[in-house]
Structure formats: C-alpha cells, structure tokens
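> everything below, folded, please.
(one chain, ligands or ions: 3)
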Amino acid sequence: MEELRIPRHIAIIMDGNGRWASRQGMPRVMGHYRGAEVAEEITRACIDLGVEYLSLFAFSTENWNRPREEVNLLFELMRNYLSQRKRDLIDLGVRIRFIGRRDRIGKDLKLLMEELERETSRSYRITVILAVDYGGRDDIIRAINKALRLEFDSLDEDSFSHLLDLGDVPDPDLLIRTAGEKRLSNFLLWHLAYTELYFSELCWPEFTREELIRALEDFSKRRRKFGRVLDE
Ligand code: IPE
Ligand code: IPE
Ligand code: MG
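Residues are numbered from 1 along each chain as shown. Ligands and ions are numbered 1, 2, ... in the order given. Next up is the predicted model:
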C-alpha cells in the first residue's frame, strides 16, 4: 500500500446530523449531540495522525433560516458542550479558534468563545477552527470592508487572504463532506480554490476514524497539480 500522506489542514462539512437522528426515530437535535461527540473523536484522531489544522463547519450564515427551535437548541448545545469539555480540550493540547460573524450570536456564547481562544492560545498539538455563523461570501465581504476601512490602495492575493478570518492559516489540503451531499454550501470559498474534495456517504454522527483513514488513503493517491504539468 502507498504511504499515507497527512494533510496539514483538513476542513470538514459535518452534514447529515438531522437525517441520522430521524432515521433512528429521534429528534434532529440528538443528531447534533452525537455530532459534537464525533467532532471530538475526529479531533483526537487528527492529533494522533499529526494533522496541524482541522476546520469544522458548525453553523452557516444560512442556518439561521432553520426553525427557531432548532437554531436555539444548536446554540445551547454548543455553549454546553464547549464549557463542559473546555478542561479536556486544554489537556488534549487543542488550540481553538473561531471563524465567522460574532455580531449575531448570544453574549454568553461570545464570551465563552473569547475565553476558549485566550485559554488555549498556547496549546500546540492541533489548531481546531470552529466555523460558527460562518459564510464564505460573508468572510470575503467583511475582508473587503476591512480593507476599505484600512484605506488600502491595492490588494494582492496574499494581503487579501490575511484580511479573511483564517488569516495566516494555510489553505485546506483536503475537504471532507459527509452525508452524500456534493456541494460547498458557502464554506471557505476563497480557501478551497485548490483543495482536494472527498465526499463520504456516512452521516456525520456515524463518521469514524476508519472513514477518516479511507479519506486520507484516497487523498494520498491524488496528484495535486496546481495547474502545472507533472512528469509522468
Ligand atoms: C449538519 O447536519 C449540522 C448543521 C448544519 C448544523 P444537518 O442538520 O444539516 O443534518 P441534515 O443535513 O438535515 O441531515
Ligand atoms: C452545511 O450544511 C453547514 C454545516 C454543516 C454547518 P447544511 O445542511 O446547512 O447545507 P445544505 O443546506 O444542505 O446546503
Ligand atoms: Mg444538512
């Protein structure tokens, strides 16, 4: 077998929580609960594999259009989960960063996010980037407005990308989307320009280390050309 190539940065669109729960005859929110546990398990797997950055899409700018009750439960779950797991995440060596808008989420969650970023800022085993109220287009528009405020005369790709939420984080090498859906749903639009894509049929709550390894085996066979001609 070929050697497993480990991406520096993996991005995941964790999809299918609701479908998984409905299939088991449970309310959709149970899928989100299970999904949070899987996110932690996959974080551990990424640490073991030596992945440097893991970006997880947790709530999109479009997810506000879901029923009010589901939105409230999702944010409550996020708050509870992050405050309960804070100590363990620190012990694990996880540096946490959040990307997305901060002006539409509750004050409690916002404070908790700031606290987590501060308290994990010296952790070094992996950087986990949680995308909350994140949209790729919104990220780009906010960056443009920042550039206008800072009165830039002109921008190039490098200076522009530093104005985006991910800042100096390298672009994802591999994007995984679960639950059989084959679209980007407004995730990291700028950064995914040359990312390898992997689509898993499993719903996020049933995603496993083994499925992650399958994605990495597939990734290891890809020839990333970045527009060039490679020697045959
Ligand atoms: C992904 O699962 C989690 C979020 C978008 C918050 P979904 O809730 O989208 O689950 P499905 O796609 O409806 O099954
Ligand atoms: C994308 O999933 C957003 C997250 C995983 C947080 P959605 O379930 O919201 O995407 P669509 O609506 O199927 O495109
Ligand atoms: Mg979905």
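> tell me the contacts of the residue nearest to Ala193 when sequence neighbours are not counted?
Leaving aside its chain neighbours, Ala193 sits nearest to Asp171 (7.1 Å; criterion: CB to CB, 6 or more residues apart in numbering). In short, each C-beta sits where N, CA and C put it, glycine included. Asp171 is in contact with 9, 191-195, counting by CB atoms under 8 Å, 6 or more residues apart in numbering.
> looking at this, Asp171 is in a strand?
No: using DSSP: H, G, I helix; E, B strand; the rest coil, the assignment for Asp171 is coil, not a strand.
> separation between Glu70 and ligand 1?
Noted for Glu70: a distance of 8 Å to ligand 1, by CB to the nearest ligand atom, to the nearest Å.
> number of residues surrounding that residue?
Counted with other CB atoms under 10 Å, residues neighbouring Glu70 total 15.
> ditto for Ile42
24.
> ok, Gly25 next?
7.
> for ligand 2, what's its nearest residue on this protein.
Ser185 (3.7 Å; CB to the nearest ligand atom).
> phi first, then psi, for the nearest residue to Leu212 once chain neighbours are set aside.
The shortest distance from Leu212 to any non-neighbouring residue, by CB to CB, 6+ apart, is to Ala45 (5.6 Å). Ala45 has phi and psi values of phi -60, psi -40 when expressed as degrees, to the nearest 10.
> identify the residues contacting the nearest residue to Ile213 once chain neighbours are set aside.
Residue nearest to Ile213 in three dimensions, not counting chain neighbours: Leu4, with 7.5 Å by CB to CB, 6+ apart. Applying CB under 8 Å, 6+ apart to Leu4 gives the contacts 213, 216-217, 220.
> ligand 1 contacts on the chain?
Residues of the chain lying close to ligand 1 (CB under 6 Å from any ligand atom) are 14-19, 59, 63, 74, 179.
> could you redo the last one with a cut-off of 8 Å?
When proximity is defined by CB under 8 Å from any ligand atom, the chain lies next to ligand 1 at 14-22, 28, 31-32, 35, 57-60, 63, 66, 70, 74, 179, 181, 203-204.
> out of these, which are buried?
Taking 16 or more other CB atoms under 10 Å as the criterion, what is buried in the residues of the chain next to ligand 1 is 14-21, 28, 31-32, 35, 57-60, 63, 66, 74, 179, 203-204.
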